[in-house]
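Trainee: Have a look at this prediction, sequence included:
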Amino acid sequence: MSAELTFTPVSDIPQELIAGETGAIRQEAIDAIKHLDQWAAPQSVKTTLLNRMNKPHIRKSPLGTVLIIGAWNLPINLLLAPAVGAIAAGNCVILKPSEVSTHTAALLTRLLPKYLDPRTVRIINGAAEETTVLLEQKFDHMFYTGSGNIGKVIMMAAAKQLTPVTLELGGKSPAFVSKDVDIAVAARRLTFGKLFNTGQACIAPDYLIVERGIEQELVKEMKIAIQEFYGASPQTSQSYGRIINKNHFNRLKRLLDTTHGEIVAGGDTQEDDLYIAPTIVLNVQLNDPLMESEIFGPILPIWVVDTLNEGIEYVNSKDQPLALYVYSHNMKLADHILENTRSGGAVINDSLIQFMVTALPFGGTGPSGIGNYHGKRTFDIFSHERATLVKNLGMQKALTISYPPYTEKKTSWLEWLLFDKVKYADNAILKGKL
Ligand code: NAD
């Protein structure tokens, strides 16, 4: 990696860096340090009378050497948050940062060996070609964050060696907005959720499903929110970021050039600054280019519906998203939407915040991912649960009831000792207690 660290950040205010990257990692690390003894401790399990003496328990052991492949949009967090759990669980870790976030990859390559023992944690840099070679090696787990297309490549490589995988993928995360909502509040929360990291977040609301009648008011309030957050000229705001590179800039620009919706806010772009204004596109139809794939940028299409049930039907006809948001005062409606859709995670009346709660499983379902992590779950992903029994070498005589020659008496003793709960249940059923 030859990149020199001459990059001048657009923003001097590292708040998004703290919230999305360093603060989140710190929290994961603190959690692991605080709870490691508890997470790693052998867990005893409940059993029948006969086996109670054998101290059945689960021991956690490291998997071995694991591979973690990161994505570019939160290049520190997506690489190091899984690494916290992998290291805590006692594994050797190979980290493969995204080559797209060149500067961060160079920084991590320089800094990590200073703080982590290179005998157990190594960084390997590279793009598709180098990663392909890496994937041919035998690992004990592969943890990948990125697009679903490459997720399939990872899973195929893993299948060749029967390596377990965790795939943290993406998708189009919808936000339902009901007409009973407090529009000014919803507008601010949606604007923040969409524009954090300039929309380059896997759980950003990708598009809005808005109940007819409130769309104009919602757009008006979102425009006010954009002005409150970034001033009249977001391009000069210290709080507004840029698109990662020209490829992604051109991809987003193409979406803006080809949409059939009405661009009601933003829309301006500047290639040499990789700038795309916070943009709202109203009255987008379902065949619009903006509705085809994950936007991953600061463009927010609004699809207006007569009833939110149309939205439910549409969401269910598509790949299950990583996140789903509902903005409504009506908890019955919110429950109705949640109960009739599927997604990796869901938030009622905000966006993005699920990412910050380490006790919640973070991950997708179906095409948005396999497995989930954060907090103890990351430790568990990278641990093997070893089923263990410890038998006392004494009391050999008692064991003769399970050895041949079998007799009716032995069988009845064995039944009582082995299946006491089943017997209890049988008796309870007979007596009408269950
Ligand atoms: P990316 O281009 O950085 O790729 C991710 C990783 O895959 C990189 O390390 C890259 O080197 C590697 N890679 C690329 N091509 C490869 C190949 N042919 N073989 C092997 N490895 C290869 O990131 P991206 O895919 O553009 O990331 C964006 C996607 O990731 C979006 O869909 C987003 O929603 C998703 N994402 C998901 C999460 C999550 O936590 N679920 C977080 C961030 C991003």
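Mentor: Arrived safely, thanks for sending. None of these values were measured; they are calculated from a predicted model. Numbers count the residues shown, from 1 in each chain.

Trainee: could you point out the longest helix in this protein?
Mentor: Criterion DSSP state H: the longest helix present in the chain is helix 23-40.

Trainee: Could you identify the helix or strand that succeeds that helix?
Mentor: strand 43-44 (DSSP states H and E).

Trainee: In three-state terms, label the closest residue to the ligand within the stretch 251-400 of the chain for me.
Mentor: Of all residues in the stretch 251-400 of the chain, the one sitting closest to the ligand is Glu294 (5.1 Å; Cβ to the nearest ligand atom). In this view, the C-beta of every residue, glycine as well, is placed from N, C-alpha and C. Per DSSP: H, G, I helix; E, B strand; the rest coil, the secondary structure class of Glu294 is coil.

Trainee: Please name the residues that touch it.
Mentor: Neighbouring residues of Glu294 by Cβ atoms under 8 Å, 6 or more residues apart in numbering: 170-172, 206.

Trainee: what's the burial count for whichever residue of the chain sits closest to the ligand?
Mentor: The ligand sits closest to Gly170 of the chain, with a gap of 2.0 Å, by Cβ to the nearest ligand atom. The number of residues packed near Gly170 is 29, by other Cβ atoms under 10 Å.

Trainee: Which helix or strand contains Val60?
Mentor: One thing to correct before we go on: residue 60 is Lys, not Val. strand 57-62.

Trainee: Okay, now the sheet partners of that strand, with direction.
Mentor: Sheet pairing of strand 57-62 (DSSP bridges) gives strand 43-44 (antiparallel), strand 383-388 (antiparallel).

Trainee: Quick check: next helix or strand after it?
Mentor: Where DSSP H and E defines the elements, the next helix or strand beyond strand 57-62 is strand 65-69.

Trainee: any residues touching that next one, and which ones?
Mentor: 79, 82-83, 86, 91-96, 131, 134-135, 137, 139-146, 154, 382.

Trainee: Just the residues contacting the strand holding Lys60, thanks.
Mentor: 39-40, 42-45, 89-91, 379, 382-390.

Trainee: Return the members of the residues you listed classed as buried.
Mentor: Among the contacts of strand 57-62, those that count as buried by neighbour count (16 or more other Cβ atoms under 10 Å) are 39-40, 89-91, 379, 382-384.

Trainee: got CSV for the residues you listed, with distance to Leu308 and pLDDT too?
Mentor: Formatted as CSV, the buried ones among the contacts of strand 57-62 follow (distance: Cβ to Cβ, whole Å; pLDDT from 0 to 100):
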residue, distance to Leu308, pLDDT
Trp39, 41, 98
Ala40, 46, 98
Ala89, 42, 98
Gly90, 48, 98
Asn91, 45, 98
Phe379, 39, 98
Phe382, 40, 98
Ser383, 42, 98
His384, 44, 98
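
Trainee: all strands for the stretch 151-300 of the chain, in order.
Mentor: Counting by DSSP state E, counting those that start in this stretch, the stretch 151-300 of the chain has strands at residues 165-168, 174-177, 207-211, 262-265, 269-270, 275-276, 279-282, 299-305.

Trainee: Who are the packing partners of the fourth one?
Mentor: Pointing back at strand 262-265 there. helix 215-230, strand 279-282 (3 or more Cβ pairs under 8 Å, 6 or more residues apart in numbering; DSSP states H and E).

Trainee: Up against the ligand, what does the stretch 51-200 of the chain have?
Mentor: 69-73, 78, 96, 98-100, 127-128, 131-132, 145-147, 150, 153, 168-170 (Cβ under 6 Å from any ligand atom).

Trainee: possible to save the strands paired with strand 57-62 as a markdown table with distance to the ligand?
Mentor: Below are the strands paired with strand 57-62 laid out as a markdown table (distance: least, Cβ to the nearest ligand atom, whole Å):
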| stretch | distance to the ligand |
| --- | --- |
| strand 43-44 | 28 |
| strand 383-388 | 20 |
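
Trainee: Of all these, which one is nearest Arg254?
Mentor: Nearest of those to Arg254, taken as Cβ to Cβ: strand 383-388 at 44.4 Å.

Trainee: one step back: quick check on the residues of the stretch 51-200 of the chain next to the ligand: which are buried?
Mentor: Neighbour-count burial (16+ other Cβ under 10 Å) applied to those gives 69-73, 78, 96, 98-100, 131, 145-147, 150, 153, 168-170.

Trainee: Narrow these to those in helices?
Mentor: Using DSSP H, those in helices are 78, 131, 150, 153.

Trainee: from those, which two are the most distant?
Mentor: Top of the distance list for these (Cβ to Cβ): Leu78 and Val153, 17.5 Å.

Trainee: who touches Lys160 in this structure?
Mentor: So Lys160 contacts nothing (Cβ under 8 Å, 6+ apart).

Trainee: Show me what from the stretch 251-400 of the chain comes close to the ligand.
Mentor: Residues of the stretch 251-400 of the chain lying near the ligand (Cβ under 6 Å from any ligand atom): 294, 296, 322, 364, 369.

Trainee: Can you pull the domain assignment for the chain?
Mentor: Annotated domains of the chain cover 15-169+374-385, 174-356, 400-434 [automatic domain parsing].

Trainee: Reformat those into CSV and put distance to Gly394 next to each item.
Mentor: Below are the domains of the chain laid out as CSV (distance: least, Cβ to Cβ, whole Å):
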stretch, distance to Gly394
domain 15-169+374-385, 10
domain 174-356, 51
domain 400-434, 14
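
Trainee: and the ones you listed, which one's lowest on average pLDDT?
Mentor: Lowest mean pLDDT within the domains of the chain: domain 400-434, a mean of 74.

Trainee: Any figure for the gap between Leu78 and Arg342?
Mentor: Distance, Leu78 to Arg342, by Cβ to Cβ, to the nearest Å: 23 Å.

Trainee: picking that back up, single out the most deeply packed of the helices and strands packed on strand 262-265.
Mentor: Stretch with highest mean neighbour count among the helices and strands packed on strand 262-265: strand 279-282 (a mean of 25; mean count of other Cβ atoms under 10 Å).

Trainee: Direction included, what does that strand pair against?
Mentor: Paired with strand 279-282 in the same sheet, following DSSP bridges, are strand 262-265 (antiparallel), strand 299-305 (parallel).

Trainee: Quick one: closest of these to Glu16.
Mentor: For these, distance to Glu16 was read as Cβ to Cβ. The smallest value, 17.8 Å, belongs to strand 299-305.

Trainee: Give me the buried positions along stretch 271-284.
Mentor: For stretch 271-284, using 16+ other Cβ under 10 Å, the buried residues are 274-282, 284.

Trainee: which two from the residues you listed end up farthest apart in space?
Mentor: Leu274 and Leu282 (25.3 Å).

Trainee: ok so, going back, just confirm the residue of the chain closest to the ligand contacts Gly148, I think it does.
Mentor: Yes - at 6.8 Å, Gly170 counts as touching Gly148 under the criterion of Cβ atoms under 8 Å.
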